[in-house]
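Enquirer: this is the structure alone, sequence omitted:
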């Protein structure tokens, strides 16, 4: 199905260095503030909590004292072959814009949740209720991202509005909006991370750091074998962490079977 | 609703076939259904007013009881199109004695499913966006178009039956209209068969294309994953006997013979044939999935099941509720025994329901990311109430139809 | 009237087409699509020009540099400040949530007075000041009648408070407990060091964090983490080694190259075990006349097998860590408590001594002795005096009757009723104080027991500053800039105290707190304009040491400190994402709390399977943690990243005040932080408290 989505000159992507992430949660908070994600009074039923960016806790599965821990921030993977785009009945979520960001058009979504069923990363969230802010708090909403009502699905969009702003800025400055320098467009989570664990840029552009990092021997993508071709890469020098990124049969070597299956 | 000697007040509206129960008794029955309507209506009210958060659905289980219910009733409602196909296109004449009931059951199933879908989507006022902004690649669009169109077809098939009410039929214009409907019935049956086959398939396709969900994903033929065909086959392998079950229930409740057992056995044979074909392919499909597809993405069969969603579901679906009823329905001596026919029918319908359940719920319960975890889903009252409302709605439509419409051509003869 | 086939079809088709050519369906669908995008109850985005105002977070204890984004002059978010040399755009999860807290339901919106029936009524600032004037006027000049607690660890505002108290005749001005006090006692009192303790993490190539959660909550944490990030190029061998020693595999352990699990409260033994290895290599501290005595003490008591028995660290591990330290060109040992408070003096002394031995004093990437900044409010306690005043010791004395109960107590952003060790007991002691006034942004537990609650502006609503926060490797000063006028009737407490002082006839020499800040900038020679643009002022000055002591006599006594109250050692964990005692959990941050940390109204404690097995506990069991100090309820989560015989427990739960986002969620682990006084140093210690765990 990858043929549907064409080739893009620009492919916005991330490389998240799991050896640098210490799981503080700054990316999660920065994302919520940037994107007006609704707050919830009880956020402990994780299946009802909206987190465009979610930090998973990974364990090497060993007992004390051999236990190791790693943290895995999970935005939308902006798959090269997204499972969600094809299934959406109302063309709400598309991958048709230069940059390869998988869009989500809230005013068009009627909330069938088929996309959520399709996404193995649980990157998509449904508004089970209307968002409610305590009196006055709505005044601190960001101007860039519209507030979603109940009944629609939402997800990470790589701070798409920042890209729009960066392109506008480049145009005004007489620069090529299709050749943005890396720092011109960065997501909120990338900037917030005090450990520099997240790197964001154009995977196709050799001048952007992600281009090189994505080719690292330690780079991997989540569930690559399903054929989703994410534009989000991870990297770790720890083998058990890389192995946690995909499903492997007991006798298979980590990273040995990349994208074997194409749907 | 046994017959009582005194003539009910509304007896002028009864079909020319037999007596019906007293009006008071009927009104009491409607009152009972009304209670369920009130309960379901309350839940629906809350859901429309506050949001779907009132249910037990969540971001892991975006699909749950309602989608399972929809898929199950749509499969079981397949008796309508398949019997229509056999009756009008292939001219299997004896089926005319049960065709009306299949249409009513089909109509209930599809309209009920639509009702639940209206509740299930987050912004029901926008649900027509699926037509307006249709994404041709989406199996769900195919489903939406086919279901909507097919519901219209079912309505068209149902209308002449309504118009044949003894009093309505006396009006010349209405008589003419219903006559014209009848003339076009093979055409509608044909359209219905086409539409229904497609969306039964598309419902299967909906799951089969989910390449992010290894439990549901299937390779296939051209754009159609194998589940497309399996869902069609399982629907036609169960829909006809579901109609037989409904017929049996009406007979039991009314105490009157309505359809000749031979017709029911014929329906059983038809379903059994399709079920047999289905179950053979289903077993092949499951085998290929477990031994071919799953290992290719680094997964094992065991990883697809846990303590809650155990392999017992698979054995129940394919064995007890698949192979067993197939054998029972294909063996004339068993099929011709009413108790065994009904037993086989129940197993068959249960099997297809389990199938729709596992594809809807279990597929979502399985952790796909290795560091994710299993979750379970239990529907809450706010999901059950509207579901029962739809069942009550079905009971209402059947009750009214039975009472006032000439549904069963054989009724007079069989009870003479 | 006849109907033929043709007219029948015409009827159907005509009806359908006829409806479609009317505007009805089209208008209706168009309306619906517009309508469903504009529900009146869904807030609209603000409009206006965006500005990014640089400042530092006074909300986050790390003093994170930030830029507040305003739209039409109103804050809509907090981002990191990419131009700031410390944070380079990074931001803590707490600082990032400040904008939404402007309108937190927990904010104190106007001055409140508690009525005899325990209700709070709104009063004017004039009335509030009149009450304060009356209460404080009556006790002015009497020693021991007035005490104050400040929750600001490093602001010049403490000078205003302490000068005010001094003029009112009170010496009882205290800071909420933190790492700085322990370090000061160890360095200044026990070791005879001069200046304040600092750590140059950025230039170290081997950071051994003992207890100190340097990558999560310790010191100027974003700065630490940027230093960590710099030394770890993607996919390459790290350029600096990070080792974390502590009972819990916390976030620092997650980022470190190695986690060395040690029993809670045994940091000193671990460090002296390392010292043993270093001493074997002939390292010494010439500036300390009692070094040989110290050496004998270590060599005779901290052989690896002894250390292993106490700390649980295998001899091989100990030797390996020591080798790493010896191999490094700029090794640095950062000692602290895992949760930023209550650590022991012995561990601190041992850590400082090891740094000295490795030649780390005032060396790049080593331990720094930093000069204190000049005071600008006359009569204020000096920095050293501030650090050495101990609130926990004071309250213990009050409790035991050794010190008279004050008649009035003032709190500034200090949630003493929630955040002090033995929280229930501390709250009970505070409850006895006849008059309490809390200057607070939020209606916290301390406000909820105060007679007067006075709203303080949120960080971004006020002018404030940060003077060399604990943990930084050099003298630095930053200005917190007011971004907007307070959205409620909050007034800078500095201004309130200056006004109150004037009313009480004891002028502090300034008419506004802004002037105090300007005086401070001027006193240290900082450029006010640069400060207002969010640039930090730094000074390279270091304090040279003359007469250091290793003080093995004190160490020998202090090392014996251990709580014997139970079988399981409590290992509290402090994440910035769950807020502090005075912020509670901001709404955004609730989502960062895992369901193995908080589920519904219940918080979790974490044990490894071996410990749980011993106690007969399983995942999800409800338990109580108890000791003489109190009881804390929790559920069990099995985590193999916790030392055997230790129980990890998150700080930040169990609030009874604040708002729906924090109130009633979980239990407060501070209730079982049993305090003991370390022999030799006399420092109150509550790290390594023991608890009994029972299933309930």
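Expert: Arrived safely, thanks for sending. Since we're looking at a predicted model, the values are computed, not measured.

Enquirer: measure residue C:508 to residue C:376 for me?
Expert: 10 Å (C-beta to C-beta, to the nearest Å). To be clear about C-beta, it is placed using only N, CA and C from the backbone, and glycine gets the same treatment.

Enquirer: next secondary structure after the top helix by length along chain A?
Expert: Counting by DSSP state H, the longest helix found in chain A is helix A:160-172. Per DSSP states H and E, the first helix or strand lying C-terminal to helix A:160-172 is helix A:188-192.

Enquirer: and that following helix, what's its mean pLDDT?
Expert: Here helix A:188-192 scores 97 as its mean pLDDT.

Enquirer: other residues contacting it?
Expert: If you take C-beta atoms under 8 Å, 6 or more residues apart in numbering or on different chains as the criterion, helix A:188-192 is touched by A:14, A:26-31, A:33-35, A:53, A:73, A:75, A:159, A:162, A:198-200, C:79-80, C:82, C:89-91, C:96.

Enquirer: now the residues you listed: which count as buried?
Expert: A:14, A:26-31, A:33-35, A:53, A:73, A:75, A:159, A:162, A:198-200, C:79-80, C:89-91, C:96 (16 or more other C-beta atoms under 10 Å in any protein chain shown).

Enquirer: quick one: which helix or strand includes the residue of chain A most remote from its centre?
Expert: Relative to the centre of chain A, the most outlying C-alpha is that of residue A:65, 32.9 Å out, by C-alpha atoms, centre = their mean. Per DSSP H and E: residue A:65 is located in neither a helix nor a strand.

Enquirer: what does the closest residue in space to it that isn't next to it in sequence show for phi and psi?
Expert: Distances taken as C-beta to C-beta, 6 or more residues apart in numbering or on different chains put residue C:261 closest to residue A:65, at 5.3 Å, once the chain neighbours are dropped. Main-chain dihedrals, residue C:261, degrees, to the nearest 10: phi -70, psi 130.

Enquirer: wait, is residue C:694 part of a strand?
Expert: Yes: assessed with DSSP: H, G, I helix; E, B strand; the rest coil, residue C:694 lies in a strand.

Enquirer: and the closest residue to it other than its chain neighbours, which of the three is it?
Expert: Spatial nearest neighbour of residue C:694, excluding adjacent residues (C-beta to C-beta, 6+ apart): residue C:624 at 5.4 Å. Residue C:624 falls in the strand class when you classify it by three-state DSSP.

Enquirer: check residue A:12 too.
Expert: Look at residue A:12: counting by three-state DSSP, its state is strand.

Enquirer: next one: the one 3 residues further on
Expert: Using three-state DSSP, the structure places residue A:15 in strand.

Enquirer: and the pLDDT for the residue nearest to it when sequence neighbours are not counted?
Expert: In space, and not counting its chain neighbours, residue A:15 is closest to residue A:213: 4.0 Å by C-beta to C-beta, 6+ apart. We have a pLDDT of 97 for residue A:213.

Enquirer: quick one: contacts for residue A:213?
Expert: A:15, A:17, A:199, A:219, A:233, A:235, C:234, C:235.

Enquirer: run through the residues of the stretch 201-350 of chain C sitting next to chain A.
Expert: Proximity of the stretch 201-350 of chain C to chain A, by C-beta under 8 Å from any C-beta of the partner chain, involves residues C:215-216, C:221-222, C:225-226, C:228-229, C:232, C:234-235, C:249, C:251-255, C:261.

Enquirer: could you say which helix or strand holds the single nearest residue of the stretch 151-300 of chain C relative to chain B?
Expert: Closest to chain B within the stretch 151-300 of chain C is residue C:254: 14.4 Å, counting by C-beta to the nearest C-beta. Taking DSSP H and E as the definition, one finds residue C:254 inside helix C:251-255.

Enquirer: which other helices and strands contact that helix?
Expert: strand A:69-74, strand C:241-246 (3 or more C-beta pairs under 8 Å, 6 or more residues apart in numbering or on different chains; DSSP states H and E).

Enquirer: need the winner for burial among those.
Expert: strand C:241-246 (a mean of 26; mean count of other C-beta atoms under 10 Å in any protein chain shown).

Enquirer: what bridges to the closest residue to residue C:563 other than its chain neighbours?
Expert: Counting by C-beta to C-beta, 6+ apart, residue C:563 lies nearest to residue C:690, which is 4.5 Å off, once chain neighbours are set aside. For residue C:690, the beta-bridge partners under DSSP bridges are residue C:569.

Enquirer: just how off-centre is stretch A:29-38 within its chain?
Expert: 14 Å (C-alpha atoms, centre = their mean, to the nearest Å).

Enquirer: so it, near chain C or not?
Expert: Yes: judged by C-beta under 8 Å from any C-beta, stretch A:29-38 comes into contact with chain C at A:29, A:30, A:32, A:33, A:34, A:36.

Enquirer: got the angle for the helix or strand harbouring the second one vs strand A:69-74?
Expert: Element membership for residue A:30, per DSSP H and E: helix A:26-35. Angular relation of helix A:26-35 and strand A:69-74 on a 0 to 180 degree scale: 20 degrees, by axes from the mean of the first three to the mean of the last three C-alpha atoms, to 10 degrees.
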